[in-house]
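Participant: dropping a prediction and its sequence here:
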Amino acid sequence: VLGLLVWALIADTTYYLHAAYGWVMFVSIFVWIVTVLFFVIYLLQLQLKFYVIPWPLVLMIFNAIASILYVTAFVTCAAAVQPTSWRQWDYNRRAAASFFACLVMITYVVSTFFSFRAWKGLGSNAATSQVADHA
């Protein structure tokens, strides 16, 4: 939802006049589409049908790549905001887009951390693994 908000805020400005906002638009649209694709895969439980694919690893790699892309998008968006813009509403929307890009970046970093833990199997404890072995 936050990535879609970044996309909408930038799209509502004159982003085409600044090349930096083209990168922010690309990152927000690309990552949002791939995130929705993964959401549909997990919602329909298609990962159970394609059991050959290591889904925890794929999800961790995607989250790491999305984190890196959003770090660059946030830095680009924040650096390109000019308070002396000739259109005040462009400044407000670009500043808000920078804020929400920062939130999206933090969200993907946290998701990378949790998907790394899921990939390594660090979420279980010794008691549950021993009970599963004897049953």
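Facilitator: Now that the structure is in, tell me what you want to look at. Numbers count the residues shown, from 1 in each chain.
Participant: now whatever helix or strand residue 64 lives in: mean pLDDT?
Facilitator: Element membership for residue 64 (DSSP states H and E) is helix 55-80. In this model, helix 55-80 carries a mean pLDDT of 92.
Participant: stretch 1-19 too?
Facilitator: Stretch 1-19 comes out at a mean pLDDT of 77.
Participant: distance of residue 97 relative to residue 19?
Facilitator: Noted for residue 97: a distance of 16 Å to residue 19, by Cβ to Cβ, to the nearest Å. The C-beta positions use only the backbone N, C-alpha and C, and glycine is treated the same way.
Participant: picking that back up, who are the packing partners of the helix holding residue 64?
Facilitator: helix 2-11, helix 19-43, helix 88-120 (3 or more Cβ pairs under 8 Å, 6 or more residues apart in numbering; DSSP states H and E).
Participant: thinking again about what came up before, okay, residue 97 and residue 19: which has more neighbours?
Facilitator: More crowded of residue 97 and residue 19, by other Cβ atoms under 10 Å: residue 97, with 30 against 10.
Participant: just give the closest residue to that one, not the sequence neighbours.
Facilitator: Closest residue to residue 97 apart from its sequence neighbours, by Cβ to Cβ, 6 or more residues apart in numbering: residue 9 at 3.9 Å.
Participant: contacting residues for the one you found?
Facilitator: 93-94, 96-97, 100 (Cβ atoms under 8 Å, 6 or more residues apart in numbering).
Participant: surely residue 116 and residue 60 touch.
Facilitator: Yes. With contact defined as Cβ atoms under 8 Å, residue 116 and residue 60 form a contacting pair (5.4 Å).
Participant: which parts of the helix holding residue 64 are buried?
Facilitator: Buried residues in helix 55-80, counted by 16 or more other Cβ atoms under 10 Å: 55-56, 59-60, 62-64, 66-67, 69-71, 73-78, 80.
Participant: using a markdown table, lay out the helices and strands packed on helix 55-80 together with distance to residue 51.
Facilitator: Output for these, formatted as a markdown table (distance: least, Cβ to Cβ, whole Å):
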| stretch | distance to residue 51 |
| --- | --- |
| helix 2-11 | 29 |
| helix 19-43 | 13 |
| helix 88-120 | 16 |
